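Show me how the following folds:
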Amino acid sequence: MFRICSIFFVAWALAAAEPADWIWSARYVITEDAQHRVIENGAVAIRGGRIVGVGARAGIDAKFQPKQRLDRPDAILAPGLINTHTHAAMSLFRGIADDLSLQDWLEKFIFPAEAKNVSAEFVRWGTRLGCLEMLLGGTTTFTDMYYFEDVVAEVAKEAGMRGVLGETIIGFPVADNKTPAEALQFTERYLVRFRNDPLVVAAVAPHALYTNSDETLKASRALANKYDAPLVIHLSETKKENDDAMAQRHMSPTKILDSLGVFQGRTVAAHGVWLDDDDLAILKERHVGVAHCPSSNMKLASGVAPVVKMLAMDIAVGLGPDGPAGSNNDFNLFEEMDLAAKLAKVANHDPRALPASAALEMATIRGARALGLEKEIGSLEAGKRADLITVRLDRPNAVPLYDPISQMVYALKAEDVRDVMVNGKPVVRDARILTLNAAQILQKAAEYRARISASLK
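A predicted model of the protein is given here:
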């Protein structure tokens, strides 16, 4: 009789359980929700492209009946990392010119190399290489600014990766458009094509104040607002940029852009190294997201962004590796978390400045805020997009473990990422990419290296 009752109870429980496509479980679940919960022996249930449950494994198992299951008892399960500024296709220029100032790097090496080599196919293969590296390292969303951004979007969808992808508008002839007017027309077609895409947020990306006219900057803002799209721009990256603006117009770049109305809408400003208190007040008032790029700013000796002040003002600050061609040579967000925390500490002479929890927040939910996507991504919560990663805890650099958040920022590495899901679909399993042909991409990268080297002789 007892056995019959047990069988009926199990059958009733299974019938009452909600269906799910997946349950992922791990030793720790770092949610990055409003309560900053870290759940030991936790689990996440996924249905379609969204999270439907987060909690202790026993509770999730009781509530949901999954089609498939992934259990990682020696791992952390965390939100996918969010890259708020990069130039993915520039992976094919990785290491082409190092240890230079930004102006020398751009004007003597990058702009000439781009003029001779960049094409739609260059962008396709460079973005594939970038997406391969980012996904294997736990980045599920990237914010891009480059040429042929429609091709970047195609590759992001092919890779199964989320992207806020900005078509570059710049005041001199480049690979895809010869004038700003052509670039604006190109960008509008691009915005229309990818409107309401589940993975791609198409954006308008005027390169910077110093590379565009006032008219082009105003037109870029108007175009972005017409399609409710983000505007992505470089801002106050170098002292020279600020000094030139002050000498020519007696205002900081931030004040100039604000006077032109550039911040009147969704905006992501990259770098923000040379910002004073008045500039920060403007960014706060206009709800501008800031992409902090510690590796790039250090490597180019651009300076130290006032990130601690930004966080104290609750400005939405995310992290970005920038371009992998001289300003930074990889797409490693684990490295950016670690460096962001340590750079803030040494710059402020305070070991308590920018703790590990703040660094992880910048790579997840605060980065999502910077992009205007905090209602969709950045934390593990029911209703949000199912973008999540598992990170191994069974390697020498991962033990012993006392604090999962500290371990994520200061001890774990991009190569410790084991599994990645974007929008409810696994894209990395056991550290192997499922959506891209890794061998073919590496072969193409070698071919482009030979071609690029020959073009520069």
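
now the strands: where do they sit in the stretch 351-457 of the chain?
388-392, 417-422, 425-429, 432-433 (DSSP state E, counting those that start in this stretch).

Can you lay out those as JSON lines showing mean neighbour count and mean pLDDT?
Where you see a C-beta, it was placed from the backbone N, CA and C, and this is true even at glycine. Below are those laid out as JSON lines (neighbours: other Cβ atoms under 10 Å; pLDDT from 0 to 100):
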{"stretch": "strand 388-392", "mean neighbour count": "25", "mean pLDDT": "98"}
{"stretch": "strand 417-422", "mean neighbour count": "26", "mean pLDDT": "98"}
{"stretch": "strand 425-429", "mean neighbour count": "19", "mean pLDDT": "98"}
{"stretch": "strand 432-433", "mean neighbour count": "14", "mean pLDDT": "98"}
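
Between these, which one is closest to Val54.
Among these, strand 388-392 comes nearest to Val54, with 9.9 Å by Cβ to Cβ.

List the neighbouring strands of that closest one plus their orientation.
Applying DSSP bridges to the sheet, strand 388-392 is found paired with strand 64-79 (antiparallel), strand 417-422 (antiparallel).

ok so, going back, out of the strands of the stretch 351-457 of the chain, which is closest to Gly261?
strand 417-422 (34.6 Å).

Could you tell me the angle between that closest one and strand 425-429?
Note on geometry: by axes from the mean of the first three to the mean of the last three Cα atoms, to 10 degrees, strand 417-422 and strand 425-429 are set 160 degrees apart in direction.

hey, C-alpha coordinates of strand 417-422 in PDB?
Taking Å, rounded to 0.1, in the frame of the first residue of the first chain, the C-alpha atoms of strand 417-422 are listed here in PDB:
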ATOM      1  CA  VAL A 417      34.500  29.100 -17.800                       C
ATOM      2  CA  ARG A 418      32.900  25.800 -18.600                       C
ATOM      3  CA  ASP A 419      29.400  26.400 -19.900                       C
ATOM      4  CA  VAL A 420      27.600  29.400 -21.500                       C
ATOM      5  CA  MET A 421      24.000  29.900 -22.300                       C
ATOM      6  CA  VAL A 422      22.600  32.900 -24.200                       C
END
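
what about that strand, distance to the chain center?
Its chain's C-alpha centre lies 15 Å from the corresponding centre of strand 417-422 when counted by Cα atoms, centre = their mean, to the nearest Å.

okay, the angle between the strand or helix carrying Gly126 and strand 388-392?
Assigning secondary structure by DSSP states H and E places Gly126 in helix 120-136. Our comparison of helix 120-136 with strand 388-392, counting by the same axes, to 10 degrees, yields an angle of 60 degrees.

Counting by contacts, list what helix 120-136 packs against.
Applying 3 or more Cβ pairs under 8 Å, 6 or more residues apart in numbering; DSSP states H and E, one finds that helix 120-136 contacts strand 139-146, helix 149-159, strand 417-422, strand 425-429, strand 432-433, helix 438-455.

which of the strands paired with strand 388-392 sits most buried?
Mean neighbours per residue, mean count of other Cβ atoms under 10 Å, is largest over the strands paired with strand 388-392 for strand 417-422, with a mean of 26.

Same list, the strands of the stretch 351-457 of the chain, but as CSV with distance to Gly265 please.
Output for the strands of the stretch 351-457 of the chain, formatted as CSV (distance: least, Cβ to Cβ, whole Å):
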stretch, distance to Gly265
strand 388-392, 30
strand 417-422, 27
strand 425-429, 31
strand 432-433, 36
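
Ok, which of those strands comes nearest Arg37?
Arg37 lies closest, by Cβ to Cβ, to one member of these: strand 388-392, at 14.5 Å.

Centre of the chain to the closest one, how far?
Put simply, strand 388-392 sits 16 Å off its chain's centre (Cα atoms, centre = their mean).

Then stretch 279-299?
14 Å.

ok so, going back, in the helix holding Gly126, which residues are buried?
Neighbour counts over helix 120-136 (16 or more other Cβ atoms under 10 Å) mark 122-136 as buried.

out of those residues, who's nearest Lys63?
For those, the nearest to Lys63 is Leu135 (29.8 Å; Cβ to Cβ).

Now do the same contact list for that closest one.
Leu135 is in contact with 159-161, 420, 422, 427-428, 433, 435-436, counting by Cβ atoms under 8 Å, 6 or more residues apart in numbering.

could these be laid out in a markdown table, adding distance to Lys255?
A markdown table is the format used below for the contacts of Leu135 (distance: Cβ to Cβ, whole Å):
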| residue | distance to Lys255 |
| --- | --- |
| Ala159 | 39 |
| Gly160 | 41 |
| Met161 | 36 |
| Val420 | 41 |
| Val422 | 38 |
| Val427 | 42 |
| Val428 | 44 |
| Ile433 | 45 |
| Thr435 | 44 |
| Leu436 | 43 |
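
Out of the strands of the stretch 351-457 of the chain, flag the one nearest Thr141.
Proximity to Thr141 (Cβ to Cβ) singles out strand 417-422 among the strands of the stretch 351-457 of the chain, at 8.1 Å.

what angle do the closest one and strand 139-146 make?
Using the same axes, to 10 degrees: strand 417-422 against strand 139-146 is 70 degrees.

Also compute the angle for strand 417-422 relative to helix 149-159, please.
Going by the same axes, to 10 degrees, strand 417-422 makes 110 degrees with helix 149-159.

which other residues reach strand 417-422?
For strand 417-422, the external contacting residues (Cβ under 8 Å, 6+ apart) are 22, 24, 46, 70, 72, 75, 80, 135-138, 140, 160-162, 199, 386-392, 426-431.

outside of stretch 293-306, which residues touch it?
With Cβ under 8 Å, 6+ apart, stretch 293-306 has contacts from 85, 98, 100-102, 105, 237-239, 270-275, 280, 290, 292, 319-323, 326-328, 335-336, 339-340, 343-344, 347.

Against Val427, how distant is Thr127?
Distance of Thr127 to Val427, given as Cβ to Cβ, to the nearest Å: 15 Å.

Could you find the closest non-adjacent residue to the most centrally placed residue in the chain?
Most central in the chain under Cα atoms, centre = their mean is Asn83, positioned 1.4 Å from the mean C-alpha point. Counting by Cβ to Cβ, 6 or more residues apart in numbering, Phe142 is the residue found nearest to Asn83 once chain neighbours are left out, at 4.2 Å.

Tell me what the one you found is bridged to.
With DSSP bridges as the rule, Phe142 is bridged to Asn83, Gly163.

gap between it and Asn212?
23 Å.

who has more neighbours, those two?
Phe142 (29 against 22; other Cβ atoms under 10 Å).

re earlier: report the angle between the helix holding Gly126 and helix 438-455.
Relative orientation of helix 120-136 and helix 438-455, computed by the same axes, to 10 degrees: 130 degrees.

and helix 120-136, how far out from the chain's middle?
With Cα atoms, centre = their mean, you get 14 Å for helix 120-136.

pull the CA atoms of it into PDB?
The C-alpha trace of helix 120-136 is given here as PDB (Å, rounded to 0.1, in the frame of the first residue of the first chain):
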ATOM      1  CA  ALA A 120      33.100  43.200 -45.100                       C
ATOM      2  CA  GLU A 121      34.800  39.800 -45.100                       C
ATOM      3  CA  PHE A 122      37.600  41.100 -42.800                       C
ATOM      4  CA  VAL A 123      34.900  42.300 -40.400                       C
ATOM      5  CA  ARG A 124      33.100  38.900 -40.700                       C
ATOM      6  CA  TRP A 125      36.200  36.800 -39.800                       C
ATOM      7  CA  GLY A 126      37.500  39.300 -37.200                       C
ATOM      8  CA  THR A 127      34.200  39.300 -35.400                       C
ATOM      9  CA  ARG A 128      34.000  35.500 -35.500                       C
ATOM     10  CA  LEU A 129      37.400  35.400 -33.800                       C
ATOM     11  CA  GLY A 130      36.300  38.000 -31.300                       C
ATOM     12  CA  CYS A 131      33.000  36.200 -30.500                       C
ATOM     13  CA  LEU A 132      34.800  32.900 -30.200                       C
ATOM     14  CA  GLU A 133      37.200  34.400 -27.500                       C
ATOM     15  CA  MET A 134      34.400  36.300 -25.700                       C
ATOM     16  CA  LEU A 135      32.000  33.300 -25.500                       C
ATOM     17  CA  LEU A 136      34.700  30.900 -24.300                       C
END
